[in-house]
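Visitor: make a model of this:
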Amino acid sequence: MMYIESILRVLLVGLVLGAGLPALFAVGLTAFSRGAGDMNADGTSQAANPALKIVGLALFAVVSLVIVLAVAWITRSTIIHHFGVDLFPMLAKK
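Guide: A predicted model of the protein is given here:
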């Protein structure tokens, strides 16, 4: 049972980070693009929607934060060794 639980955890994390973050980035890119306004085919312009631009920027910030935290998590022992700073003190050390 331990192996199945471990496999399911890896699968879940892979789905969330492997497919979820790029999907979240794509939704942010679409929201930001639609919020910028556009030129219609007949030459009239469509007004910008600042709410969609803010949603797009917020999603970009979330994806960036996850990436920075993941790099910090991967390099945590090196950061502790060189700088003496534990970025994740609430988590158990191995």
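Visitor: so which helix or strand takes in the most centrally placed residue in the chain?
Guide: By C-alpha atoms, centre = their mean, the mean C-alpha position of the chain lies nearest to V63, the distance being 1.8 Å. Using DSSP states H and E, V63 falls within helix 50-74.
Visitor: okay, the angle between the next helix or strand after that helix and helix 50-74?
Guide: Using DSSP H and E, the next helix or strand after helix 50-74 towards the C-terminus is helix 76-83. Using axes from the mean of the first three to the mean of the last three C-alpha atoms, to 10 degrees, one finds that helix 76-83 and helix 50-74 are set 80 degrees apart in direction.
Visitor: which outside residues touch helix 76-83?
Guide: Applying C-beta atoms under 8 Å, 6 or more residues apart in numbering, the external contacts of helix 76-83 come out as A72, V85, D86, L87, F88. From N, CA and C alone the C-beta is placed, and that goes for glycine too.
Visitor: in it, what counts as buried?
Guide: Going by neighbour count (16 or more other C-beta atoms under 10 Å), the buried part of helix 76-83 is R76, I79.
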